[in-house]
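Colleague: Sequence and predicted structure, then a few things I'm wondering about:
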Amino acid sequence: MELEALRSIYEGDESFRELSPVSFQYRIGENGDPKAFLIEVSWTETYPQTPPIISMNAFFNNTISSAIKQSILAKLQEAVEVNLGTAMTYTLFEYAKDNKEQFMENHHPINSTTSISNIISVDTPNIAPSSKKKDKKEHLSKAQKRKLADKTDHKGELPRGWNWVDVIKLSKTGSKEDE
C-alpha cells in the first residue's frame, strides 16, 4: 500500500527516485543548492514494525561533513521512533524538507576539489618522469610501413579472415587403414 502511495505522490517529482521496491532516495533542496542533501530509506522485512534503514552515504552528499550527516540522521531517527508501527517514508521525506534549514544551519561545504588538486600536485613530480618514457612511439622503417600497407585494404583495415587458422587433417595416403 505504501509503495503505491509513494509512487502516486511523487510521480513526476525529479527529487524522488525508487531504487527498488523497498529502497528510495529523495533529494532535499534544489539541484545546485549547496545545502541540498540526499536521503536514502530502505525498508526491512518487518517494516513498519521495525525502523527502516536511513542512509546519507550517497555520492551527492560528499560535500557535507560527517558531523552534519550524523546530526540529520539522529533527528530522522527521532522521527522514526515517533512513527514506529505506521508507514513513515513519506513522513520522513516531508520532515526533512520542512526542517532543511535547521538541519543545514551549521553546514559549510567541503571543497573536495581543493584537496584533490593538492594531492595531485604533490604526486605529480613522481609521475612525470615515467610518463615521458611512455610517450615514446615505436618508429617503423619504410619497408615495415610498406609491408603493413600491403596487408591492409584502402581503409587501413585487415581483410576478413586474416587471423583465421586453417585446420588440416593429415593422413597417410594410400594406406589400407584409412579406407
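Modeller: Structure received. Residues are numbered from 1 along each chain as shown.
Colleague: and the spatially most central residue of the chain, what are its phi and psi?
Modeller: By Cα atoms, centre = their mean, the mean C-alpha position of the chain lies nearest to Phe59, the distance being 8.2 Å. Note on Phe59: backbone dihedrals following degrees, to the nearest 10 are phi -60, psi -30.
Colleague: How about Arg17?
Modeller: Torsion angles, degrees, to the nearest 10, at Arg17: phi -140, psi 130.
Colleague: Name all residues that make contact with it.
Modeller: The neighbours of Arg17, taking Cβ atoms under 8 Å, 6 or more residues apart in numbering as the test, are Phe24, Gln25, Tyr26. C-betas here are computed from N, CA, C, even on glycine.
Colleague: Restricted to strands, list the residues you listed.
Modeller: Per DSSP state E, strands hold the following members of the contacts of Arg17: Phe24, Gln25, Tyr26.
Colleague: tell me the pLDDT at the second one?
Modeller: Turning to Gln25, the model gives it a pLDDT of 88.
Colleague: neighbours around it, how many?
Modeller: Gln25 sits with 18 neighbouring residues when counted by other Cβ atoms under 10 Å.
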